[in-house]
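Peer 1: Give me a 3D structure for the following:
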Amino acid sequence: MTDPKHFQQRVFTWFDDHGRKDLPWQQGLSPYRVWVSEIMLQQTQVKTVIPYFETFMQVFPTVEALAAASEDQVLHLWTGLGYYARARNLLRCAQVIVDEHGGKFPDSIEALEQLPGIGRSTAGAIRSIAFGKPAAILDGNVKRVLARHAAIPGWPGQTAVHRELWEIAGALSPKQRPAQYTQAMMDLGATVCLRSKPLCEICPLQTDCKAHLQGTQADYPGRKPRKTLPVRTTTMLIISNASSEIFLAKRPPTGIWGGLWSFPELDQANQATDFCLDTFGAQPARIEPGSALRHTFSHYHLDIQPLYLKLDQTGGNIMDGDGQLWYNLSSPERIGMAAPVSKLLKSIDK
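Peer 2: From the prediction side, this is the model:
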């Protein structure tokens, strides 16, 4: 096992010279800002997160402001970031912190892990960065650094591999300067120990990195067993009324795109007229297919066939505020919607 003191010393020296110190969440440091950034950074790159984080902080500068928000307000600001359960958990967590913790974040790993959407590594990041208290983390970047340094075989999603990496992370984490160490390890993975073509020549850990010494960097961490993603299909009805407003419906709170606004979906395009008769009491005056697009989730591809329908009149039985609304493209509401829905709406607007 590598000597922890020697390991830490090299990490600190590198961080002092090369670590990132000007990220938005590092300014005006607080548990709230660290927490929001860590949730956004889950499975999302820093460059993507920065504009979302800055906008989010402008709208919700405190945990109290976030706790008082509606789910639609939060999901609207999250549109395009993906993995929308993170946003729903963010809102629930803020409400718990305000209602049960007096607006103050707990600083223990155990208490943090009890909060919605916060796992072991996120709890460690909040404790170390926001509170300056010792804690190990194991996000994707740190897994890569440690797996290569110790040449740990296997995919980190496997229980035994995951447990071994946590043991190493815990053994190497320092009691001094925990915030800088946590940031340094994340930075090393993000800027030096890259997935492909790692920059080993400038890495402070190269002298005893087993993967580097063996020339086997590409073997670590082990890859997730590949599966051929199944393909699912759906027809999305893009229905406009006489005022050129677009009909949207709110999806159920759980499942894919939970709580987001979307177009009605059908298995078969030939069901569109019946849908309009049942929903609006009128049949479409025009039906035109649009260009298909594919949206890929982690577990499957979704092939979307847009179907554009024009209603000259409706039966008046659709009321905004009941999980259904007519979306005005020229004066859009601030609601959360999935990326393909937002993309299709923008194409209409153009």
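
Peer 1: give the contact list for the residue nearest to residue 132 when sequence neighbours are not counted.
Peer 2: Once flanking residues are discounted, residue 132 sits nearest to residue 179: 5.2 Å by C-beta to C-beta, 6 or more residues apart in numbering. In this view, the C-beta of every residue, glycine as well, is placed from N, C-alpha and C. Residue 179 makes contacts with 128-130, 132, as judged by C-beta atoms under 8 Å, 6 or more residues apart in numbering.

Peer 1: Low-confidence ranges, this structure, go.
Peer 2: Filtered on pLDDT under 70, the chain yields the residue ranges 1, 314-321, 349-350.

Peer 1: Please go through it and pick out the longest helix.
Peer 2: Determined from DSSP state H, the single longest helix within the chain is helix 85-101.

Peer 1: need the next SSE after that one, C-terminal direction.
Peer 2: helix 109-113 (DSSP states H and E).

Peer 1: Pull out the buried residues from that next one.
Peer 2: Residues of helix 109-113 classed as buried: 109, 112 (neighbour count, 16 or more other C-beta atoms under 10 Å).

Peer 1: tally of neighbours for the nearest residue to residue 87 once chain neighbours are set aside?
Peer 2: Excluding the flanking residues, the one nearest residue 87 by C-beta to C-beta, 6+ apart is residue 78, at 3.9 Å. Counted with other C-beta atoms under 10 Å, the neighbours of residue 78 add up to 22.

Peer 1: Residue 8 against residue 180, yeah?
Peer 2: No: judged on C-beta atoms under 8 Å, residue 8 makes no contact with residue 180 at a distance of 10.0 Å.

Peer 1: circling back to that earlier point, double-check the residue nearest to residue 87 against residue 53; I have them as touching.
Peer 2: No: Residue 78 is beyond contact range of residue 53, at 11.2 Å (criterion: C-beta under 8 Å).

Peer 1: I'd like the distance from stretch 78-97 to the chain centre, please.
Peer 2: On the basis of C-alpha atoms, centre = their mean, to the nearest Å, stretch 78-97 sits 9 Å off its chain's mean C-alpha point.

Peer 1: Show residues contacting that stretch.
Peer 2: Residues outside stretch 78-97 that contact it (C-beta under 8 Å, 6+ apart) are 35-36, 39-40, 42-44, 48-49, 52, 63, 66-67, 69, 71, 74-75, 77, 103-105, 115-118, 253, 257-260, 336-339, 342.

Peer 1: out of those residues, which are buried?
Peer 2: Burial by neighbour count, judged by 16+ other C-beta under 10 Å, picks out 35-36, 39-40, 42, 49, 52, 63, 66-67, 69, 71, 74-75, 77, 105, 115, 117-118, 257-260, 336-338 from those.

Peer 1: Can you list which of those are found in helices?
Peer 2: Per DSSP H, the buried ones among the contacts of stretch 78-97 map to helices at 35-36, 39-40, 49, 52, 63, 66-67, 71, 74-75, 77.

Peer 1: Any chance of a markdown table for those residues, columns distance to residue 26?
Peer 2: Below are these laid out as a markdown table (distance: C-beta to C-beta, whole Å):
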| residue | distance to residue 26 |
| --- | --- |
| 35 | 14 |
| 36 | 13 |
| 39 | 16 |
| 40 | 14 |
| 49 | 13 |
| 52 | 16 |
| 63 | 18 |
| 66 | 20 |
| 67 | 24 |
| 71 | 29 |
| 74 | 23 |
| 75 | 26 |
| 77 | 21 |
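
Peer 1: Those: which two are farthest apart?
Peer 2: Maximum pairwise distance among these (C-beta to C-beta): 21.5 Å, between 49 and 67.

Peer 1: and which of the contacts of residue 179 is nearest residue 281?
Peer 2: Nearest to residue 281 out of the contacts of residue 179 is residue 130 (C-beta to C-beta; 55.0 Å).
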